[in-house]
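Participant: I would like to see how this sequence folds:
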Amino acid sequence: MDVLVIEGGHKLEGTITVSSAKNASLPLMCAALLTKEPVVLKNVPQLTDVKTLLKLMEGLGLTYEWGQDGSTLLLNAKRIKKFTAPYELVSQMRASILVLGPLLARFGQAIVSLPGGCAIGARPVDVLLNGLEALGAKIELIDGYIHATAHKGLKGADMTLPKPAVTGTENLMMAAVFAEGTTTIRNAAREPEIVDLATMLNNMGAEVKGAGTDTITIEGCSKLWGVTYTPLSDRIEAGTFILTAAMAGTGEGVTIENVVPEHNQALIDILQNLGVELEVGESSVHVPAAKKLSKGAFVTTEPFPGFPTDLQAQMMAFLTQTTGQSTIKETIYEQRFMHVPELVRMGAKLHIDGQECKITGGTNLVGAPVMATDLRASASLVMAGLVAEGRTILRRVYHLDRGYYRLEEKLNALGAKITRKSEQQVAAEFAAKLKLVYEAK
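Facilitator: Numbers count the residues shown, from 1 in each chain. Okay, the predicted model is just below:
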């Protein structure tokens, strides 16, 4: 298993480019199940989550091929023969449930494992299942699997979601493209990835309106065509780079390219209010050399266009370096403060109080062995390691690889010193160091 060894104190300067969004690429890949014709996606990062979904879809009968550039992905769902998404794969990535809507729409049947750790009740999966039932699907839960059938096809419906669930909205949009009549989804998620999916579906021949607002309408059609499409840039990766540069930038600062600034407006507003003098271009953000900031912030995670929960951990790492008192309130997910003990190991002064985490800024962080607890938490620990004194060893790097493409290479190009090693290498180096200390005595 890999680890990252981060040498602290190396400042960042230069230009860094944001990859296409994982959270856009995954639903676009699933939309390929809606047509017999080839779908070509460009600039797709070969992330662990992308590879997991490809393995799942290949098991259904989809064929795929990577282009010579390593980022063009050709998908062909002409010969889908199976309709089951097994627990072994769905448990690795909750977004695997995105195959449910397309399979049900095109083939009238789907059997998909409940996502790992998902309990029926208050979880967003209920949003999806209730929406599919409104479209006329029969839903049964058998041995941990969702059995969905609509042998006579789906019919358009007017529904109001109890919460604006992103994956639920995307799944219902794809399910509704072949439904008879008009489907209206109210209180829909408004994230940019929803708009991206709607745009590609429309390019394939669908008629989706209102994406990006809280009311989406879909006119059912009988067929979708193939398409060539490029997913939008990753707003979470962009936000991570902006925060990292604001912590560790030097000299002429860091320019982040392939950015859609309005997708990160909530983050930009917070940083500018704190005194970070960002230069926002049409498709770039320039962050000047890091400086001491004399005040804190109160940050609340919210659905788009509010501050994203997927930047909460990174914002926490950043706020440890301001000199004021800050608070982060997490309103989207329970138990999303699991990175707090790891940051505390590095010297951060943090206190959890229910949904809030109090941050005493101006802390001198110190390198330490730490463990990634989830995808975004792993990024926050890399950020902390960059400004910490000494060496940080980050374990469970597989979390990072799910959503950040070659992160250490990108940061090293700016001046960071991050090395990927095996657990065995790190253990051997530690043993050798202990031996030298013992011999010196």
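
Participant: against which helices or strands is the longest strand belonging to the chain packed?
Facilitator: The longest strand of the chain (DSSP state E) is strand 249-257. Strand 249-257 sits against strand 12-17, helix 235-248, strand 284-287, with contacts defined as 3 or more Cβ pairs under 8 Å, 6 or more residues apart in numbering; DSSP states H and E. The way it works is simple: take the backbone N, C-alpha and C, and place the C-beta from them, glycine included.

Participant: helices of the stretch 101-250 of the chain, start to end?
Facilitator: 125-134, 166-176, 192-203, 235-248 (DSSP state H, counting those that start in this stretch).

Participant: now the worst-scoring helix or strand of the chain on mean pLDDT - C-alpha only, CSV.
Facilitator: Using mean pLDDT, DSSP states H and E, helix 423-440 stands out as the lowest-scoring helix or strand of the chain, at a mean of 75. Provided in CSV are the C-alpha atoms of helix 423-440 (Å, rounded to 0.1, in the frame of the first residue of the first chain):
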residue,chain,number,x,y,z
GLU,A,423,4.7,1.0,3.3
GLN,A,424,7.6,-1.4,3.2
GLN,A,425,10.0,1.3,2.0
VAL,A,426,9.0,3.7,4.8
ALA,A,427,9.3,0.9,7.4
ALA,A,428,12.7,-0.1,6.1
GLU,A,429,13.9,3.5,6.2
PHE,A,430,12.6,3.9,9.8
ALA,A,431,14.4,0.7,10.9
ALA,A,432,17.6,1.8,9.4
LYS,A,433,17.4,5.2,11.1
LEU,A,434,16.7,3.5,14.5
LYS,A,435,19.8,1.3,13.9
LEU,A,436,22.0,4.3,13.3
VAL,A,437,20.7,5.9,16.5
TYR,A,438,21.4,2.7,18.4
GLU,A,439,24.8,2.3,17.0
ALA,A,440,25.7,5.9,17.8
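
Participant: distance between it and the chain's centre?
Facilitator: Taking Cα atoms, centre = their mean, to the nearest Å, the mean C-alpha location of helix 423-440 is offset from the chain mean by 37 Å.

Participant: rewinding a little: ok, which of the helices and strands packed on strand 249-257 comes nearest S326?
Facilitator: helix 235-248 (13.2 Å; Cβ to Cβ).

Participant: CA atoms only: put the closest one into PDB for me.
Facilitator: What follows is helix 235-248, C-alpha atoms only, in PDB (Å, rounded to 0.1, in the frame of the first residue of the first chain):
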ATOM      1  CA  ARG A 235     -14.300  22.800  -8.900                       C
ATOM      2  CA  ILE A 236     -13.200  20.900  -5.800                       C
ATOM      3  CA  GLU A 237      -9.700  20.300  -7.200                       C
ATOM      4  CA  ALA A 238      -9.600  24.000  -8.100                       C
ATOM      5  CA  GLY A 239     -10.700  25.000  -4.700                       C
ATOM      6  CA  THR A 240      -8.100  22.700  -3.100                       C
ATOM      7  CA  PHE A 241      -5.400  24.300  -5.200                       C
ATOM      8  CA  ILE A 242      -6.600  27.900  -4.400                       C
ATOM      9  CA  LEU A 243      -6.500  27.100  -0.700                       C
ATOM     10  CA  THR A 244      -3.200  25.400  -0.900                       C
ATOM     11  CA  ALA A 245      -1.600  28.300  -2.700                       C
ATOM     12  CA  ALA A 246      -3.100  30.800  -0.200                       C
ATOM     13  CA  MET A 247      -1.300  28.700   2.500                       C
ATOM     14  CA  ALA A 248       2.000  28.000   0.900                       C
END
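
Participant: report the buried residues of that helix.
Facilitator: Under the neighbour-count criterion of 16 or more other Cβ atoms under 10 Å, helix 235-248 has 235-248 buried.

Participant: ditto for stretch 279-286
Facilitator: S284, V285, H286.

Participant: and which of those is nearest to Y145?
Facilitator: Of the buried residues of stretch 279-286, the one sitting nearest to Y145 (Cβ to Cβ) turns out to be V285, at 43.9 Å.

Participant: now the closest one, nearest residue through space, not along the chain?
Facilitator: I256 (4.9 Å; Cβ to Cβ, 6 or more residues apart in numbering).

Participant: please apply the same query to L386.
Facilitator: A248 (4.8 Å).

Participant: V259 now?
Facilitator: Here the residue nearest V259, using Cβ to Cβ, 6+ apart, is A238, at 4.7 Å.
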